[in-house]
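[1] coordinates only, sequence not included:
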Ligand SMILES: NC(=O)c1ccc[n+]([C@@H]2O[C@H](COP(=O)([O-])OP(=O)(O)OC[C@H]3O[C@@H](n4cnc5c(N)ncnc54)[C@H](O)[C@@H]3O)[C@@H](O)[C@H]2O)c1
Ligand SMILES: [Zn+2]
């Protein structure tokens with residue numbers, strides 16, 4: 001289980017969605033294959049590359065070089081980095097630029113960036129001329145293992161996150177694990193929470209492998225490719241069975257109901273990245289499962305130990321400014337959790353654990369015990 005891996009040929013994960021099936025190509029240095037792959041898929045196509053300023057600095061040139069070498073025309077569209085671009089203003093900027101670039105029904109939009117760029121460019125592609133195909137080149141770990149897989153695209157409304165969107169599957173995903181070398185360590189760690197999530201929710205052996213190999217994932221060894229591929233396979237399998245989240249896909253929300261409340265409580269700011277909220281949320285979900293007797297305390301401690309080992313926050317008290325700013329209020333957190341779309345008739349839907357490696361959807365959780373649990377956690381128990 002701990003034998004060192006070697007960098008291998010690219011790994012292809014196929015997302016089996018019938019006539020919307022597509023490949024995710026994962027490997028170190030697969031970005032230069034973007035042009036030839038697109039040329040093979042769509043001879044003569046025109047493209048627009050959507051990216052953000054930070055990613056552009058590092059990865060726009062190699063992207064354009066690969067396209068040019070394959071004889072593919074491209075226009076660049078660069079948005080500001082950060083969640084603010086997933087907005088009406090960002091959508092206007094990208095849509096108008098796509099129209100100006102004369103991107104037609106048979107052309108391609110290429111999203112090169114993290115989840116913000118992927119969600120924004122994917123949505124712009126979904127509505128441009130009633131739907132233009134798009135390619136994802138995810139450049140954050142979160143995007144490689146999560147947002148680029150599954151076809152959810154969209155923007156935020158001033159009234160809430162991801163309130164406007166469409167299911168629009170990409171036609172190809174190129175996940176080059178070497179592009180993650182320029183990602184900040186904190187962003188990398190936040191994305192890692194989603195990697196660990198796949199182990200905790202459905203794959204005990206993968207979780208054990210992560211416990212043994214996490215440092216090589218961070219340092220960029222071949223374990224990184226394996227971790228990205230295993231995560232994509234896990235998500236692709238769930239998405240193939242439940243594309244529109246009528247059931248099983250909800251398992252991917254493990255840690256997210258607690259996590260979203262914490263993100264909202266910190267104003268979706270740099271105080272808590274999404275993946276950091278998910279890390280704390282996963283620990284809370286595990287500890288609440290233990291309190292209900294669904295798993296042992298040792299199992300919950302194991303989840304927490306691993307996330308802490310990679311430097312992720314695991315306790316409410318780990319959030320910056322925690323004590324000063326009213327975050328330490330179980331009722332306020334419950335109100336934020338109740339705003340989550342996973343609430344029906346006063347009952348919470350939580351993703352809980354039956355084992356490390358086996359999550360279940362618990363659709364009818366009474367709020368009172370959750371509130372008491374949070375109170376105890378806030379008091380440091
Ligand atoms: N569609 C889905 O299924 C899905 C799933 C999960 C999350 N999301 C969305 O994804 C977004 C978060 O994604 P994210 O964490 O990737 O955020 P992000 O896109 O804002 O990227 C994080 C930061 O890292 C920078 N960056 C990205 N790649 C880099 C690289 N290789 N080198 C240097 N800097 C780089 C970006 O410029 C940005 O500043 C949220 O809007 C969330 O709602 C969508
Ligand atoms: Zn997430």
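    Yep, that arrived. Just so it is clear, the model here is predicted, and its values are computed rather than measured. Ligands and ions are numbered 1, 2, ... in the order given.
[2] right, and residue 7 touches residue 28 too?
    Yes: in this structure, residue 7 is within contact of residue 28 by CB atoms under 8 Å, at 5.5 Å. No exception for glycine: its C-beta is placed from N, CA and C like everyone else's.
[3] ok, those two, which is more surrounded?
    In this comparison of residue 7 against residue 28, neighbours counted by other CB atoms under 10 Å, the higher total goes to residue 28 at 19 against 14.
[4] Let me see the confidence value for the more buried one.
    For residue 28, the model assigns a pLDDT of 95.
[5] Give me the pLDDT value at the spatially closest residue to it that is not a sequence neighbour.
    Spatial nearest neighbour of residue 28, chain neighbours left out: residue 178 (4.7 Å); criterion: CB to CB, 6 or more residues apart in numbering. Per-residue confidence for residue 178 comes out at a pLDDT of 97.
[6] do the same with the one 5 residues further on
    Each residue has a pLDDT score; the one for residue 183 is 98.
[7] Just read off the phi/psi values of it.
    phi -70, psi 150 (degrees, to the nearest 10).
[8] Spell out for me which residue occupies the centre of this protein.
    residue 146 (3.4 Å; CA atoms, centre = their mean).
[9] Just confirm that one contacts residue 115, I think it does.
    Yes: contact criterion CB under 8 Å: residue 146 and residue 115 qualify, at 7.2 Å.
[10] Can you name the residues of the chain that neighbour ligand 1?
    Within reach of ligand 1 by CB under 6 Å from any ligand atom, the chain has these residues: 52, 54-55, 58, 81-83, 86, 113-117, 119, 139-140, 142-143, 146-147, 150, 152, 162, 179-180, 182-183, 187, 274.
[11] hmm, try it at 5 Å
    52, 54-55, 81, 114-116, 139-140, 142-143, 146-147, 152, 179, 182-183, 187 (CB under 5 Å from any ligand atom).
[12] out of those residues, which are inside strands?
    The strands, defined by DSSP state E, take in 52, 152 from those.
[13] Pull out the buried members of the residues of the chain next to ligand 1.
    Among the residues of the chain next to ligand 1, those classed as buried by 16 or more other CB atoms under 10 Å are 52, 54-55, 81, 114-116, 139-140, 142-143, 146-147, 152, 179, 183, 187.
[14] Which SSE is immediately downstream of the strand or helix carrying residue 224?
    Using DSSP states H and E, residue 224 sits in helix 222-241. Following helix 222-241 in sequence order, the next helix or strand is helix 256-265 (DSSP H and E).
[15] contact partners of that next one?
    161, 272, 274, 277-282, 284-285, 316, 319, 326-327, 332-333, 336-337, 339-340, 342, 348-351 (CB atoms under 8 Å, 6 or more residues apart in numbering).
[16] Show the buried residues in those.
    272, 274, 277-282, 284-285, 316, 319, 327, 333, 336-337, 340, 342, 348-351.
[17] From those residues, which land in strands?
    Among these, the subset assigned to strands under DSSP E consists of 348-351.
[18] In a markdown table, list those residues along with pLDDT and distance to residue 304.
    Formatted as a markdown table, those follow (pLDDT from 0 to 100; distance: CB to CB, whole Å):
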| residue | pLDDT | distance to residue 304 |
| --- | --- | --- |
| 348 | 91 | 22 |
| 349 | 92 | 23 |
| 350 | 95 | 17 |
| 351 | 97 | 17 |
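[19] Specify which member of the residues you listed is nearest to ligand 1.
    For those, the closest approach to ligand 1 (CB to the nearest ligand atom) belongs to residue 351, at 15.1 Å.
[20] ok, that closest one to residue 17 distance?
    Per CB to CB, to the nearest Å, residue 351 is found 23 Å from residue 17.
[21] And for residue 136?
    14 Å.
[22] In terms of neighbours, single out the busier of those two.
    residue 136 (30 against 15).
[23] for the record, mean pLDDT for the helix or strand containing that one?
    Under the criterion of DSSP H and E, residue 136 resides in strand 133-138. Strand 133-138 comes out with an average pLDDT of 98.
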